[in-house]
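> Can you look at this prediction? I've put the sequence above it.
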2 protein chains.
Amino acid sequence: MTAPGEAARRKPARRPTIKDIARRAGVSESAVSFALNDRPGVSQETRARVRRVAEELGWQANSAARALSGERAGALGLVLARPAQTLGVESFFLQLVSGIQEVLSARQIALLFQVVEDLGTECALYRRWWAERRVDGVLVVDPRTEDPRPELLAALGLPAVVVGGPATPGPDPSEPAAGPAAAPAHPLLSTVWADDAKAMARVLDHLYGLGHRRIVHIAGLPGLAHTARRIRSLRTEADRRGLDHRQVHSVTTDYSDAEGAEATRRLLDAERPPTAIVYDNDVMAVAGASVAAERGIPVPGALSIVAWDDSALCRVTHPRLTALVRDTPGFGRLAAQELLAVLDGGPLRTVQGELPHLEARESTASPSPR
Amino acid sequence: MTAPGEAARRKPARRPTIKDIARRAGVSESAVSFALNDRPGVSQETRARVRRVAEELGWQANSAARALSGERAGALGLVLARPAQTLGVESFFLQLVSGIQEVLSARQIALLFQVVEDLGTECALYRRWWAERRVDGVLVVDPRTEDPRPELLAALGLPAVVVGGPATPGPDPSEPAAGPAAAPAHPLLSTVWADDAKAMARVLDHLYGLGHRRIVHIAGLPGLAHTARRIRSLRTEADRRGLDHRQVHSVTTDYSDAEGAEATRRLLDAERPPTAIVYDNDVMAVAGASVAAERGIPVPGALSIVAWDDSALCRVTHPRLTALVRDTPGFGRLAAQELLAVLDGGPLRTVQGELPHLEARESTASPSPR
DNA sequence: TATGCGCACTAATGCGGTTAAGTACGAGGG
DNA sequence: CCCTCGTACTTAACCGCATTAGTGCGCATA
């Protein structure tokens, strides 16, 4: 034993290879490879012996070597394109990632996770990962209405699944003609998605049922596909109930607390302010509730509030916020499974996640008559 | 062009290798390798020509091949051990990761990010990454007072940097004897850390200066090293000012909004409740503010609140919360740089991040006389 | 008894890089 | 004029694994 600090750190600590196993088991390297990969060509006894030796030595395949010969990187990628300062607060992504990894780690597949500033950088990163063969496939999040990524990924031949899609290609999607279950799949990539339209309908059912007729939806970024879907759904639901687009409509923001608060102020300053507001994320909902408190507007007495996505935030405010709850880790699991299916040569599919449910809390009630 | 969907997806899309470059440039593969890696052995003209060809072909080194021969995986790892349901809300990690990647992506180094349930799984993952040669090093977050990870990593010879350390090895650290700048480094790994002791002193300066004499610190998980440091610092600062440990003390929680609220309730129910509470994260601070609101206790009139770590949360409450602001992405950059330095054979070091500053907002004021 | 066949295994090759060990050539020195 | 030396390359070996093409052997078949 030398000085522990330096010695421990510099120790080469050679890792066992199949050659070591071969020597110890008294067979050739290829026999070891066959044995460990469940390929025919070795007897049951030899297979068992090799396995035992591998176990003893604590052998794990060198991922680089396996990738080089096996043509599989053993890793998937996920890029989050967000300006640094809008990061955080939302619990959505860590939960999604946690669900994804539940599926991947069982298969010994790693996840490359990267946060970048914008879509352009994201695309460049896909190209690089592809060229470097870093990943076998990627999960595409935050699909947009005009999204360059599916085309790029299809052109590269990099397997991918769009999470939160379908991103409707083009800005002019026709009104859903048939049942809403038959969603238009993105033609290039597999997709897992939640039915925002139905979820929005549920929210409207709840608020309309309580008697609300002036309902505003403070949406997130206008470029995102799910924002578009929610806005469209709100309009459809309003029409169905014969509500005017001045009574029921959406405004878009950048998801930040600042814009959420600002939009709320503007709405409350209007001549006939809404009696209910639906916020596209928890942060804005809390910010909105705070604006109401600031102005002495009682919630839910004079204003009902719904948050799209639940989190601790919605439970720490006073009153607690009614929220659309979805199983985000479950959604991540679904996405990961679908990507693995694509990697295994499965067909392009559009898979629908669980429908979110509305958790009614104290921030929604019947509007006071006026 | 065939049917775009299937065809695009299945396209093999062979990526260029150095062999292709060699052929096009009319030199051997090793000359190409020399040229591209800034090694001597090729003339300036050849180097330029090879570079140009590589550029034209859009060549990027196959990371697996490079890892296999170069002995470098070109990737670092970061494991977050958290039960799935406590994930999220906190913006800390995504910001940290974003800072880390700013440094790594410039060097074409990838980050393997994994969320696991507990420390045991985290250790197992380190072993696996090490055995698979997946990563060249790891960033260890959430250092604990009794932490098995540094020892494990040192034993494996896997380079690492402790982020948020130094984790004082053993439960019995002597009181800082010399200047607080000379922090005890963890003997096995490099460390980047923020001086929680000084930060806590600043918080106490602020509150004591306002006239507070009954101050409680609602801390996070007791096992974490920084929790211990903050608690110790609070005690030191109290002693220095001759304050009783019944007046000024810490209680620990699991960081959740629920425990934060619960602890707050208990404190406010006491005979002589504190006039100021310092919360170890933003979520608990907001939860605590909500409890005060629920009971009609005016903030800051009857209770001052300080949040450790700023975020949108602290700005959406009413009043906005005084918070300790730190540059988390900057901290991530620092950590990444330090790990790269270790990989380059640098010495074990203990690097200190920027001291957080106290952003005084409306949630702190002089206590009302009673 | 020669022939064919399946089984269990070994030898050889390749993946795409890096790198140590040559080699060819021109310049400079004795 | 020969020898050395440095430069600019090329050849070959290697990293650890997967895979393909043998190889030897026992056994059923003709």
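Now that the structure is in, tell me what you want to look at. Only a predicted model underlies this, so the values are computations on that prediction, with no experimental measurement involved.

> Just the element for residue A:125, please.
Under the criterion DSSP states H and E, the helix or strand holding residue A:125 is helix A:119-132.

> can that helix be found next to DNA strand C?
No: Helix A:119-132 stays out of contact with DNA strand C when judged by C-beta under 7 Å from any atom of the strand, the minimum separation being 8.4 Å. All C-beta spots, glycine's among them, are computed from the backbone N, C-alpha and C.

> Quick check: buried residues in that helix?
Burial within helix A:119-132, assessed by neighbour count using 16 or more other C-beta atoms under 10 Å in any protein chain shown, is assigned to A:119, A:122-123, A:125-132.

> Closest to chain B out of those residues?
Distance to chain B, by C-beta to the nearest C-beta, is smallest for residue A:131 among the buried residues of helix A:119-132, at 3.4 Å.

> How about stretch A:279-292 and chain B, touching?
Yes: applying C-beta under 8 Å from any C-beta of the partner chain, one finds stretch A:279-292 in contact with chain B at A:283, A:286-287, A:290.

> Can you tell me which of those residues end up in helices?
A:283, A:286-287, A:290 (DSSP state H).

> Same list, the residues you listed, but as JSON lines with neighbour count and distance to residue A:309 please.
Formatted as JSON lines, these follow (neighbours: other C-beta atoms under 10 Å in any protein chain shown; distance: C-beta to C-beta, whole Å):
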{"residue": "A:283", "neighbour count": "29", "distance to residue A:309": "9"}
{"residue": "A:286", "neighbour count": "28", "distance to residue A:309": "11"}
{"residue": "A:287", "neighbour count": "29", "distance to residue A:309": "14"}
{"residue": "A:290", "neighbour count": "21", "distance to residue A:309": "17"}
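
> Between the residues you listed, which sits nearest DNA strand C?
Taking C-beta to the nearest atom of the strand as the measure, DNA strand C lies nearest residue A:283 of these, at 44.1 Å.

> Give me every residue in the stretch 51-200 of chain A lying close to DNA strand C.
Contact residues, the stretch 51-200 of chain A versus DNA strand C (C-beta under 7 Å from any atom of the strand): A:65, A:68-69.

> What segments of chain A are strands?
Secondary structure of chain A by DSSP state E: the strands cover A:75-81, A:110-116, A:137-141, A:160-163, A:190-193, A:215-219, A:248-252, A:276-279, A:304-308, A:322-325, A:350-352, A:357-359.

> Please identify the deepest-packed of the ones you listed.
Across the strands of chain A, the average number of neighbours (mean count of other C-beta atoms under 10 Å in any protein chain shown) peaks for strand A:276-279, which reaches a mean of 29.

> which residues are contacting it?
Strand A:276-279 has contacts (C-beta atoms under 8 Å, 6 or more residues apart in numbering or on different chains) with A:200, A:203, A:207, A:210, A:212, A:214-218, A:260, A:264, A:267, A:285, A:288, A:303-308, A:364, A:367.

> so where's the stretch 251-370 of chain A shaky on pLDDT?
A:370 (pLDDT under 70).

> 80 instead?
Residues of the stretch 251-370 of chain A that meet the criterion pLDDT under 80 lie in A:369-370.

> What subset of the residues of the stretch 51-200 of chain A next to DNA strand C is buried?
A:65, A:68.

> Name the nearest of the residues of the stretch 51-200 of chain A next to DNA strand C relative to residue B:109.
When these are compared for distance to residue B:109 (C-beta to C-beta), residue A:68 wins out at 18.9 Å.

> Burial check on the closest residue to that closest one other than its chain neighbours, number of neighbours?
Setting aside the residues directly before and after it, residue A:68 is nearest to residue B:64 in space (C-beta to C-beta, 6 or more residues apart in numbering or on different chains), at 4.3 Å. One way to gauge burial is a neighbour count; for residue B:64, by other C-beta atoms under 10 Å in any protein chain shown, it gives 26.

> who's in contact with residue B:64?
For residue B:64, the residues meeting the contact criterion (C-beta under 8 Å, 6+ apart) are A:63-65, A:67-68, A:73, A:133.

> do the same with residue A:366
The contact partners of residue A:366, by C-beta under 8 Å, 6+ apart, come to A:210-212.

> can you give me the helices for the stretch 101-250 of chain A?
With DSSP state H, counting those that start in this stretch as the definition, the stretch 101-250 of chain A shows helices at residue ranges A:119-132, A:149-156, A:196-210, A:225-240.
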